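Trainee: mind looking at a prediction? Sequence and model below.
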Amino acid sequence: MATIQIKGLNKFYGATQALFDVSLDIEDGEFCVFVGPSGCGKSTLLRTLAGLEAADSGSITIDGSDVTHAEPADRKISMVFQSYALYPHMSVRDNMDFGMKVNRFDEATRKERIAEAARILQLEDYLDRKPGQLSGGQRQRVAIGRAIVKNPKVFLFDEPLSNLDAKLRVQMRVELEGLHRQLGATMIYVTHDQVEAMTMADKIVVLNGGRIEQVGSPMELYHAPVSRFVAEFIGSPAMNVFEGRVTSGLTLKPSAQLVGCRPEHFELLAKGDGHIDATVRVKERLGAETLLYLDTGRAQELVARVDGDNEIEVGAEVGLGIPPARLHQFDAEGHALR
């Protein structure tokens, strides 16, 4: 498929800068996820990559060709949007066929590509139905099929699962992962949902205020966040980050102002035996695991993840131990200290 190189990309909307000197390499066949909160620039970056927004400076290279100022149709990309954008009066077959007809593909090629996309997406039995006769997941598969038949170098997905219910989102995540393995294609996927990012990505790009905060594999970001922002954004529940002076018996770096610990890394001990004393305020049973919401007597509430069969009761006083290898330290600006 294609490698992608983005160098020094900047984007303005009038006097407002949306992207700040973004540079990024995406390897051939990678599933790369742009993630971050609303307004962080992830969709703007995707749309600029697609050519739907013009870059104000910097360059975009796809498969060795500079496409910075190329029209979207000349970039060999296909984009799947949050809204399915299907033609309601057309059948599934005609929806997938429309773009190829406009671009004057011969009939034999069109039929072959539609048949292959339908096979991959398990849509053979639905080709003669109209979108209104399909479920949400089936309509999303049609939108993906419309992208597949273009045989692009790069697939771009802009929050494609946002309109689906929770169960269907999980199913479609699995289907997209399978599709990626089957096609071996370069895919870029935008989401605000860090669970989607963690479960689907080869590479995650965390954006914050139009800048890249960190790039890495899901577990690199999980275990070695470069900032408090990444530490609290990646992982559910989020990493506990609190003032170092709340703890006792921990050896901290001189510039450490904040410390962090993932909920599952706390050791549940007797009161007085850990680094922090706390009281169980709320107990949330989730089946295989239980979340304990803990009051430390300060403004900061902590969350600990324990086994689902744990018998600790609300109101119990406990000690929380933090294993040194699981301790994260941050300076006053939120930068990780190594």
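Mentor: Perfect, thanks for sending it. This structure is a prediction, so every number in the text was calculated from the model and none was measured.

Trainee: so where is the stretch 201-338 of the chain shaky, pLDDT-wise?
Mentor: 299 (pLDDT under 70).

Trainee: now do the helices in it.
Mentor: Using DSSP state H, counting those that start in this stretch, the helices of the stretch 201-338 of the chain run over 218-223, 228-233.

Trainee: what's the closest of those helices to Val303?
Mentor: Closest of the helices of the stretch 201-338 of the chain to Val303 is helix 228-233, at 11.7 Å (criterion: Cβ to Cβ). The way it works is simple: take the backbone N, C-alpha and C, and place the C-beta from them, glycine included.

Trainee: just the C-alphas of the closest one, formatted as CSV.
Mentor: Only the C-alpha atoms of helix 228-233 are listed here, as CSV (Å, rounded to 0.1, in the frame of the first residue of the first chain):
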residue,chain,number,x,y,z
ARG,A,228,0.3,13.9,32.7
PHE,A,229,-2.0,14.5,29.8
VAL,A,230,-1.2,11.2,28.1
ALA,A,231,-1.2,9.3,31.5
GLU,A,232,-4.8,10.5,32.3
PHE,A,233,-6.1,10.1,28.7
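
Trainee: output the longest helix belonging to the protein.
Mentor: helix 166-183 (DSSP state H).

Trainee: what's that helix in contact with?
Mentor: Residues outside helix 166-183 that contact it (Cβ atoms under 8 Å, 6 or more residues apart in numbering) are 31, 120-121, 135-137, 140-141, 144, 148, 157, 160-161, 164, 187, 189, 196, 199-200.

Trainee: filter those residues down to the buried ones.
Mentor: 31, 120-121, 137, 140-141, 144, 148, 157, 160-161, 164, 187, 189, 196, 200 (16 or more other Cβ atoms under 10 Å).

Trainee: lowest-confidence entry in these?
Mentor: Taken together, the buried ones among the contacts of helix 166-183 show their lowest pLDDT at Leu164, with 77.

Trainee: leaving out chain neighbours, which residue sits closest to it?
Mentor: Gly136 (5.2 Å; Cβ to Cβ, 6 or more residues apart in numbering).

Trainee: now Arg326
Mentor: That would be His265: by Cβ to Cβ, 6+ apart, it lies 3.9 Å from Arg326.

Trainee: can you check Thr279 too?
Mentor: Asp295 (4.8 Å).

Trainee: what bridges to that neighbour?
Mentor: Thr279, Glu301 (DSSP bridges).

Trainee: got it, and the one 10 residues further on?
Mentor: Beta-bridge pairing of Arg305 under DSSP bridges involves Leu291.

Trainee: helix/strand/coil for the residue most central in space within the chain?
Mentor: In the chain, the centroid-proximal residue (Cα atoms, centre = their mean) is Ala197; its distance is 2.8 Å. State at Ala197, reduced to three classes by DSSP: H, G, I helix; E, B strand; the rest coil: helix.

Trainee: picking that back up, I figured the residue nearest to Thr279 hits Arg281, correct?
Mentor: Yes - Asp295 lies in contact with Arg281 (Cβ atoms under 8 Å); the separation is 4.6 Å.

Trainee: list the contacts of the residue nearest to Thr44 when sequence neighbours are not counted.
Mentor: Excluding its sequence neighbours, the residue lying closest to Thr44 (Cβ to Cβ, 6+ apart) is Ala18, at 4.8 Å. When the contact criterion is Cβ under 8 Å, 6+ apart, the partners of Ala18 are Lys11, Phe12, Gly41, Thr44, Gly210.

Trainee: on the three-state scheme, the residue nearest to Gly145 when sequence neighbours are not counted is what?
Mentor: Nearest non-adjacent residue to Gly145, counting by Cβ to Cβ, 6+ apart: Ala117, 4.1 Å away. Here Ala117 is recorded as helix under three-state DSSP.

Trainee: and the gap between Ala117 and His89?
Mentor: Applying Cβ to Cβ, to the nearest Å, one obtains 20 Å for the distance of Ala117 from His89.

Trainee: all strands for the stretch 201-338 of the chain, in order.
Mentor: Using DSSP state E, counting those that start in this stretch, the strands of the stretch 201-338 of the chain run over 203-208, 211-216, 240-243, 258-261, 267-270, 276-285, 289-295, 301-307, 317-321, 328-330, 336-337.

Trainee: please read the previous query as pertaining to the stretch 51-200 of the chain.
Mentor: 57-62, 65-66, 77-80, 154-158, 186-191.

Trainee: adding distance to Ala336 as columns, could you present those strands in CSV?
Mentor: Listed next are those as CSV, based on distance: least, Cβ to Cβ, whole Å:
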stretch, distance to Ala336
strand 57-62, 27
strand 65-66, 35
strand 77-80, 35
strand 154-158, 30
strand 186-191, 24
